[in-house]
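Colleague: quick one, what's the 3D model for this:
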Amino acid sequence: MSKKVLIVDDSKISRMFIRQHISAKHPDWILSEATTGEEAIAMIDVEQPDYCTMDINMPGMLGTDAAKEILEKYSNIRLVIFSANVQETYQEQARALGTIFISKPVTETSIGQAIDYFLGV
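Modeller: Got it, this is the predicted structure:
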């Protein structure tokens with residue numbers, strides 16, 4: 001069964017890397033991208049993803065704020081927070097939202113952690 005993933009990051013390189021590794025493991029999954037939290041929120045109703053990766057530090061809205069808004073509306077989306085900002089506060093916010101925090105840089109291993117979380121492994 002095909003799943004939908006929304007990749008949210010202002011870094012084109014991070015989005016490409018996440019896309020590439022998810023596609024390699026799950027070529028049937030449908031991937032879409034957003035570059036800001038606001039764009040992600042606008043896309044959620046249309047895309048209705050099963051999974052979402054979210055950066056924290058982006059222009060405009062923080063990823064944690066976008067994640068909160070998304071999860072309040074769609075609690076069934078499994079969302080992962082990716083960030084180079086490893087301050088405990090952000091990790092606590094991710095846990096409070098019911099998500100997991102994975103530190104950047106984005107690597108094959110960290111994307112594997114996200115996929116395992118998505119699949120409940």
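Colleague: from here on, just use CA atoms for contacts and neighbour counts.
Modeller: Will do.
Colleague: this protein: strands as residue ranges?
Modeller: 4-8, 30-34, 51-55, 78-83, 100-103 (DSSP state E).
Colleague: and the ones you listed as TSV, adding distance to residue 16?
Modeller: Converted to TSV, the strands of the chain look like this (distance: least, CA to CA, whole Å):
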stretch	distance to residue 16
strand 4-8	9
strand 30-34	9
strand 51-55	12
strand 78-83	14
strand 100-103	17
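Colleague: mean neighbour count and mean pLDDT added to these, as TSV?
Modeller: Below are these laid out as TSV (neighbours: other CA atoms under 10 Å; pLDDT from 0 to 100):
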stretch	mean neighbour count	mean pLDDT
strand 4-8	23	98
strand 30-34	18	98
strand 51-55	25	97
strand 78-83	25	94
strand 100-103	19	93
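Colleague: right, and those strands - which one's nearest residue 72?
Modeller: Among those, the nearest to residue 72 by CA to CA is strand 78-83 (12.0 Å).
Colleague: didn't residue 11 look like it was pressed against residue 34?
Modeller: No - counting by CA atoms under 8 Å, residue 11 stays clear of residue 34, with 10.1 Å between them.
Colleague: run a quick neighbour tally on residue 44.
Modeller: Neighbour count for residue 44, taken as other CA atoms under 10 Å: 16.
Colleague: so what's it closest to, chain neighbours aside?
Modeller: residue 70 (7.4 Å; CA to CA, 6 or more residues apart in numbering).
Colleague: quick check: pLDDT value at the one you found.
Modeller: pLDDT recorded at residue 70 is 97.
Colleague: do residue 121 as well
Modeller: On the pLDDT scale, residue 121 gets 85.
Colleague: what's the burial count for it?
Modeller: Neighbours around residue 121, by other CA under 10 Å: 8.
Colleague: quick one: it from residue 61, how far?
Modeller: Per CA to CA, to the nearest Å, residue 121 is found 31 Å from residue 61.
Colleague: tell me, please, the helix or strand in the protein that averages the lowest pLDDT.
Modeller: helix 88-96 (a mean of 88; mean pLDDT, DSSP states H and E).
Colleague: which elements pack onto that helix?
Modeller: The contact analysis (3 or more CA pairs under 8 Å, 6 or more residues apart in numbering; DSSP states H and E) places helix 88-96 against helix 63-73, strand 100-103.
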